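>>> Only the shape, not the letters, is given here:
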């Protein structure tokens, strides 16, 4: 209000979620000395969706698509009811690995030494590699079981399922949230992201960022965005 008293309508405020936007609108209205246009206020996912060429597809529809691809890949006849629990977990994993720019083929490897995970192209942080190593070392301990066999069988399918799902969604010009994030981050990395014709951006309320958010925020910073971080001053002031 103090810095942009006349042209708030030319601002875009990006927040971590929609709930934060409700409070910001409320307090802007209380503090505004006169009737004026509100800035555009959106969540990070809405901001990314606006930048992306892919239309966001809802979770239920994606589960149906993933289930059909799973049946196509395995030749099995598992019902959607039986697949639902696995499907939700798989979609969550795919979303997360895209937001962290992780190489899916490297992540879903099943080798006991896991050397592929140390490749810089895998996109994994050292602590993530350590966690995955610990998981597999625990997994291989003890006797083989039906559950372990089922898990390993599903795990080995995941790289193919990941690529098939992304290809199917791209053919429809659709994508899940992580896919949209990754598309934008990779466009920025390749230098193909066009900043022209965009409002002045203010990013507020963030602290821990995923890999895609880091790329997007660095790009916004280069093009004049302002940042208001959500952190405790004592962390920064303590030498």
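Now that the structure is in, tell me what you want to look at. A quick note: this is a predicted structure, and the numbers were derived from the prediction, not measured.

>>> so after the worst-scoring helix or strand of the chain on mean pLDDT, what's the next helix or strand?
When each helix and strand of the chain is scored by mean pLDDT, DSSP states H and E, helix 126-140 comes last, with a mean of 76. Of the helices and strands lying after helix 126-140 in sequence (DSSP states H and E), the nearest is helix 146-171.

>>> between that following helix and helix 126-140, how many degrees?
140 degrees (axes from the mean of the first three to the mean of the last three C-alpha atoms, to 10 degrees).

>>> Buried residues, helix 146-171. List them.
Residues of helix 146-171 classed as buried by neighbour count (16 or more other C-beta atoms under 10 Å): 157, 158, 159, 160, 161, 162, 164, 165, 166, 168, 169. (Glycine included, C-beta is placed from N, CA and C.)

>>> The third one is in contact with residue 103, isn't it?
It stands for residue 159. No. Shown here, residue 159 and residue 103 do not form a contact pair, counting by C-beta atoms under 8 Å, at 9.7 Å.

>>> just the strands in this protein please.
11-15, 40-43, 55-56, 174-175, 200-204, 226-228 (DSSP state E).

>>> Give me the residues contacting the last one.
This points to strand 226-228. If you take C-beta atoms under 8 Å, 6 or more residues apart in numbering as the criterion, strand 226-228 is touched by 200, 201, 202, 203, 204, 205, 206, 217, 221.

>>> same question, the third one
Counting by C-beta under 8 Å, 6+ apart, the neighbours of strand 55-56 from elsewhere in the structure are 45, 49, 173, 174, 175, 176, 177, 180.

>>> Mind doing that once more with 7 Å?
Where contact means C-beta atoms under 7 Å, 6 or more residues apart in numbering, the residues beyond strand 55-56 that reach it are 49, 173, 174, 175, 177, 180.
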